[in-house]
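Engineer: Sharing a model that was predicted from the sequence below.
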Amino acid sequence: MSTNKLVCIVDDDAVYTFGIKKLIRNNIPENKILSYTNGKEAFDALQEVHNSGGDLPDVILLDLNMPEMNGWEFLKEFEEIRKVSDKQIQIYVISSQVNDEKEEVYKIKWDARVSKFIKKPVEAKHLVELLNN
């Protein structure tokens with residue numbers, strides 16, 4: 001199944017980001033990839049894209065623990081852009097700190113903003129399934 005999605009990775013771990021990009025390029029090469037090292041960098045760039053009428057990502061792979069602006073802060077700020085955008089943007093929180101207990105708490109507070117919570121490391125098969133939906 002061809003997806004042709006714009007995927008945005010927001011994560012401060014360069015090794016993880018490199019691996020995810022490689023998985024996407026090897027399994028779904030038609031997808032385009034944006035990458036940012038923290039929530040502020042991502043938010044500022046995506047706000048500029050939105051303000052200029054550019055194409056926002058279809059999928060955001062979001063880490064929680066990052067410097068300058070963490071994933072939760074990014075979600076809060078980005079919600080303003082999502083509210084006025086016509087595009088359905090899937091946000092997957094991908095973190096080593098996600099576990100079953102925390103996931104239930106996260107879902108209560110962030111359910112409308114997050115499509116799914118995924119524990120790192122992400123398996124290639126699982127990532128491909130997410131991006132193909």
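Structural biologist: Cool, the structure landed.
Engineer: Pull out the buried positions in the helix or strand where Arg82 lies.
Structural biologist: Using DSSP states H and E, Arg82 sits within helix 71-84. Residues of helix 71-84 classed as buried: Gly71, Trp72, Glu73, Phe74, Leu75, Glu77, Phe78, Ile81, Arg82 (neighbour count, 16 or more other Cβ atoms under 10 Å). For glycine as for every other residue, the C-beta is placed from the backbone atoms N, C-alpha and C.
Engineer: Which of those scores worst on pLDDT?
Structural biologist: Ranked by pLDDT, these bottom out at Trp72, which has 87.
Engineer: show me where the protein has helices.
Structural biologist: Taking DSSP state H to define them, one finds helices in the chain at 14-27, 39-51, 71-84, 100-110, 124-132.
Engineer: mean pLDDT lowest for which of those?
Structural biologist: Looking at the helices of the chain, the lowest mean pLDDT belongs to helix 100-110 (a mean of 56).
Engineer: before we move on, back to that, Ile118: which of the helices of the chain is closest?
Structural biologist: Closest approach to Ile118 among these is made by helix 124-132 (7.3 Å; Cβ to Cβ).
Engineer: Throw the buried residues of helix 71-84 into JSON lines and include distance to Ser115, thanks.
Structural biologist: Shown next, in JSON lines, are those (distance: Cβ to Cβ, whole Å):
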{"residue": "Gly71", "distance to Ser115": "13"}
{"residue": "Trp72", "distance to Ser115": "15"}
{"residue": "Glu73", "distance to Ser115": "18"}
{"residue": "Phe74", "distance to Ser115": "15"}
{"residue": "Leu75", "distance to Ser115": "12"}
{"residue": "Glu77", "distance to Ser115": "18"}
{"residue": "Phe78", "distance to Ser115": "13"}
{"residue": "Ile81", "distance to Ser115": "16"}
{"residue": "Arg82", "distance to Ser115": "12"}
